[in-house]
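fold the following for me, if possible:
(chains A, B and C)
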Amino acid sequence: MKAFDFLLNKREEKPRSNGITMVLDKGLGLETAESLMNISGEYVDYLKFGWGTSIIHDEDIIKAKVEMYKSHDIIPYTGGTLFELAFMNDKLDEFFKRAHELGFPAIEISDGSINLAHEDKLDSIRKAKDEGFIVLSEVGKKDPNLDKELTLDERISFMQSELDAGSSLIIVEAREGGKNIGIFDASGNAKEDEIDYILDNFDGDKILWEAPNKDQQVFFILKLGNTVNLGNVSSDDITSLETLRQGLRGDTVGKIN
Amino acid sequence: MKAFDFLLNKREEKPRSNGITMVLDKGLGLETAESLMNISGEYVDYLKFGWGTSIIHDEDIIKAKVEMYKSHDIIPYTGGTLFELAFMNDKLDEFFKRAHELGFPAIEISDGSINLAHEDKLDSIRKAKDEGFIVLSEVGKKDPNLDKELTLDERISFMQSELDAGSSLIIVEAREGGKNIGIFDASGNAKEDEIDYILDNFDGDKILWEAPNKDQQVFFILKLGNTVNLGNVSSDDITSLETLRQGLRGDTVGKIN
Amino acid sequence: MKAFDFLLNKREEKPRSNGITMVLDKGLGLETAESLMNISGEYVDYLKFGWGTSIIHDEDIIKAKVEMYKSHDIIPYTGGTLFELAFMNDKLDEFFKRAHELGFPAIEISDGSINLAHEDKLDSIRKAKDEGFIVLSEVGKKDPNLDKELTLDERISFMQSELDAGSSLIIVEAREGGKNIGIFDASGNAKEDEIDYILDNFDGDKILWEAPNKDQQVFFILKLGNTVNLGNVSSDDITSLETLRQGLRGDTVGKIN
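Numbers count the residues shown, from 1 in each chain, chains lettered A, B, ... in the order given. Below you'll find the model as predicted:
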């Protein structure tokens, strides 16, 4: 039973079709991550081993973390940069094989840091699906100058073709910082008209908005409701985000339907 | 014995009548919190389970955390938003009952997120006291625009009546961010004249200043001495704050009497 | 074996002659620190018990942390402010004795917070060396106004004489914040011309650049290569920094030779 169950607000149980929370793991210790999941793991749907972090950790500890997250009904997955490095080094088969051995049920496919023909990205999504992975794919460039070259219509077209190729969720890039990137301006404020335009042209339940900062999370929840899918959430903020979703923190008290 | 005991500066032992440190717990894992208290728990007087966070955690883990904090002679308490949600939902009796069952010796009473007639706030303080709780009450609104409508004299009048109604400490709101709220401007700088005015008209030992950022902590310690009461301290900064108080960090070396 | 060993980039093994990472410990719990070292300790060369933090912790826990770090082939050392406090209080002998008893193999000698004749600083370096400590010394003042009074040529002259006196590494001050101090401007941007000038006149492998923020770490790695020595790295960012060094994070993918 929850500590103050009579004040809880109803939220869909896992596996959720929306209201998804994706958390960024930048290299947490196993025991520390487990302690955190024991208190708040039920509010985490996806757990990203950020960018290439898992490359430099021992396989034993990665396996143990993957298992631990799965035991909390969380889907752990490898960051997009890891796929990009594998692709760039012509090691895609080896990457899929190791990801399976390590226990990852899902992987992210992106082209934020490398040049990748979009057809190659779609092929990679199809191949990963065939290999049995859940696929999340990300649209956007990590370099703000390159990212700005993408028009909104191009973004939406990419999102749709990636969904058609087999992606379960399309991630809108915002990095760990959340500023001057994608739908956020240099101050980290969301460009509301761009978001509206995307949602007029794409199924919102299939979008995972990266929103690392609290103000961004509040913005999305107040604009799109607490069933919005949010990602790149800091491991420190899991509980905070869930209270925002449930209207249990000042910013959203009395504002959640 | 302390590792370098010959360089320690004297500080009052717990329970302290001033120089109080209140730490904000945003949802720490039990084991992680315990590891932190083992090294620095003696420097924590009050521990706030932030806003409505404890609503969404299992009662077993909340009980275990409350017991663990109490074993370090720390007073754990429920965040003000939790009271506000209970009041708003007409569940005050149930709230007091559960808080007792969970082992909380103290609660915070505030009206930062809801409209509450001040007489109702005072009644709630009296009722919580009658129920056997230590009461901390907070003056200020979480919405900066609403917060600005409060004049300084109104604030001081509220503080005094809440103290008279039974509050042990009056918290001056600054949230987790510490900017554009209460006595802090948009950059997080303290409004010194307002602080002076408050202290000319109210007993400083009864005020707990929320000061989440290091610069704010340094400011208060240099202005009011290391016996100032400070709150909303991040769990990462417990040791840092104590070294600031004792003149063992650059900002206050040689400046503490 | 590493989880994705076929994507690893070669880095020198410990003990490293360059490419050194120094991490700041602000008061981590023993178990939390151990959990972190189990996953990423191999990427940490030096571990600083920040400023005077270890003064206020129990000797048992400091001893246990020192031993734990050493078991991961990390060199733990006492922050510069601790030396300064000991010097200021005429307790240098007692300080050296306790540091030995606690198991510290290294200490930092600085004059960031106190006035210290440079000859006294050099004497202290020599004395610490004679006592068997590895010595790191820091050049720079913690107060930005005082820090600005140091000319570049003075800085370099101090660095050289401290190296000659026995320091193993010379730390360029940037504090925990990394703004408006030393070679960083008020926004935290590096002053490239000053860095060039220092490197024209001093052996770069003997410099440990404090670079607490990610942008600063990226800057140094792209400018000076991944064998640059970086310090005051947050314990949260150990894995991130190593991936930056190895070209496994977006900012440095394809940019590391």
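
so A:Glu242 sits against B:Ile56, correct?
Yes - at 5.5 Å, A:Glu242 counts as touching B:Ile56 under the criterion of CB atoms under 8 Å. Every C-beta, even on glycine, is put in place using the N, C-alpha and C of the backbone.

what is in contact with those two at once?
A:Ser40, A:Tyr43 (CB atoms under 8 Å, 6 or more residues apart in numbering or on different chains).

the stretch 1-150 of chain A against chain C: which residues are in contact?
A:26-32, A:50-59, A:61-63, A:81-82, A:84-86, A:88-89, A:91, A:94-95, A:98, A:102, A:112-114, A:142-143 (CB under 8 Å from any CB of the partner chain).

ok, 7 Å please
Within the stretch 1-150 of chain A, the positions near chain C by CB under 7 Å from any CB of the partner chain are A:26-27, A:29-32, A:51-59, A:61-62, A:81-82, A:84-86, A:89, A:91, A:94, A:98, A:102, A:112-114, A:142.

ok, the residue of the stretch 151-257 of chain A found nearest chain C - how many residues close by?
Proximity of the stretch 151-257 of chain A to chain C (CB to the nearest CB) peaks at A:Arg175, 7.5 Å away. A:Arg175: 22 surrounding residues under other CB atoms under 10 Å in any protein chain shown.

equivalent analysis for A:Glu149, please.
For A:Glu149, the count of nearby residues is 9 (other CB under 10 Å).

equivalent analysis for the one 10 residues further on, please.
Taking other CB under 10 Å as the criterion, the count of residues near A:Met159 is 23.

any idea which helix or strand comes after the host helix or strand of it?
For A:Met159, the host element (DSSP states H and E) is helix A:152-165. Per DSSP H and E, helix A:152-165 leads on to strand A:169-172 as the next helix or strand towards the C-terminus.

that following strand pairs with which strands, and in what direction?
Applying DSSP bridges to the sheet, strand A:169-172 is found paired with strand A:134-139 (parallel), strand A:207-210 (parallel).

JSON lines for the ones you listed, including distance to A:Gly231?
Shown next, in JSON lines, are the strands paired with strand A:169-172 (distance: least, CB to CB, whole Å):
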{"stretch": "strand A:134-139", "distance to A:Gly231": "9"}
{"stretch": "strand A:207-210", "distance to A:Gly231": "5"}
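
what's near enough to touch the closest residue to A:Val253 other than its chain neighbours?
If the residues on either side of it in the chain are set aside, A:Val253 comes closest to B:Ser113, at 4.2 Å by CB to CB, 6 or more residues apart in numbering or on different chains. Contacts for B:Ser113 were tallied using CB atoms under 7 Å, 6 or more residues apart in numbering or on different chains; they are A:Gly250, A:Val253, B:Thr81, B:Glu84, B:Lys142.

could you do A:Glu84 as well?
A:Ser110, A:Asp111, A:Ser113, A:Ile114, C:Val253 are the contacts of A:Glu84 under CB under 7 Å, 6+ apart.

the last one: neighbouring residues, count only.
Applying the criterion other CB under 10 Å, we find 22 residues in the vicinity of C:Val253.

coming back round to it: make a ChimeraX selection of the buried ones in the residues of the stretch 1-150 of chain A next to chain C.
Command for ChimeraX that selects the buried part of the residues of the stretch 1-150 of chain A next to chain C, burial taken from 16 or more other CB atoms under 10 Å in any protein chain shown:
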select /A:26,27,29,30,31,32,51,52,53,54,55,56,57,58,59,61,62,81,82,84,85,86,91,98,102,112,113,114,142
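
out of the residues of the stretch 1-150 of chain A next to chain C, which are inside strands?
When those are checked against strands using DSSP state E, none is located there.

for the helix holding A:Met159, packing partners?
Helix A:152-165 sits against helix A:118-130, strand A:134-139, strand A:169-172, helix A:192-201, with contacts defined as 3 or more CB pairs under 7 Å, 6 or more residues apart in numbering or on different chains; DSSP states H and E.

how about the helices in chain A?
Assigned by DSSP state H, chain A shows helices spanning A:30-40, A:59-71, A:80-88, A:92-102, A:118-130, A:144-148, A:152-165, A:192-201, A:214-224, A:238-246.

can I get these in a markdown table including mean pLDDT?
Conversion of the helices of chain A to a markdown table gives the following (pLDDT from 0 to 100):
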| stretch | mean pLDDT |
| --- | --- |
| helix A:30-40 | 98 |
| helix A:59-71 | 98 |
| helix A:80-88 | 97 |
| helix A:92-102 | 98 |
| helix A:118-130 | 98 |
| helix A:144-148 | 85 |
| helix A:152-165 | 96 |
| helix A:192-201 | 94 |
| helix A:214-224 | 96 |
| helix A:238-246 | 98 |
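
now those in TSV, with distance to B:Ser157?
Shown next, in TSV, are these (distance: least, CB to CB, whole Å):
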stretch	distance to B:Ser157
helix A:30-40	40
helix A:59-71	52
helix A:80-88	56
helix A:92-102	62
helix A:118-130	64
helix A:144-148	50
helix A:152-165	53
helix A:192-201	40
helix A:214-224	32
helix A:238-246	31
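
looking at those, which is nearest to C:Val228?
Evaluated over these, closeness to C:Val228 peaks at helix A:80-88, with 21.5 Å, by CB to CB.

quick one: that closest one to strand A:134-139, angle?
With axes from the mean of the first three to the mean of the last three CA atoms, to 10 degrees applied, the angle from helix A:80-88 to strand A:134-139 works out at 90 degrees.

give the contact list for A:Leu92.
The neighbourhood of A:Leu92, defined by CB under 7 Å, 6+ apart, consists of A:Ala86, A:Ser124.

in this structure A:Gln216 contacts A:Ile181, no?
No - applying CB atoms under 7 Å as the test, A:Gln216 and A:Ile181 come out as separate, 11.4 Å apart.

need the strands paired with strand A:169-172 in a markdown table with mean neighbour count, distance to A:Ala165 and mean pLDDT, can you?
Shown next, in a markdown table, are the strands paired with strand A:169-172 (neighbours: other CB atoms under 10 Å in any protein chain shown; distance: least, CB to CB, whole Å; pLDDT from 0 to 100):
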| stretch | mean neighbour count | distance to A:Ala165 | mean pLDDT |
| --- | --- | --- | --- |
| strand A:134-139 | 25 | 8 | 96 |
| strand A:207-210 | 25 | 16 | 96 |
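
out of those strands, which is closest to A:Ser235?
strand A:207-210 (14.8 Å).

neighbouring contacts of that closest one?
The contact list for strand A:207-210, computed with CB under 7 Å, 6+ apart, reads A:20, A:22, A:136, A:169-174, A:220, A:228-232.

pull the contacting residues for the residue in the stretch 101-250 of chain A that chain C sits nearest to.
As assessed by CB to the nearest CB, chain C sits closest to A:Lys142 within the stretch 101-250 of chain A, at 3.7 Å. Applying CB under 7 Å, 6+ apart, we find A:Lys142 in contact with A:Gly112, A:Ser113, A:Arg175, C:Gly250.

kind regards, and thank you for your time.
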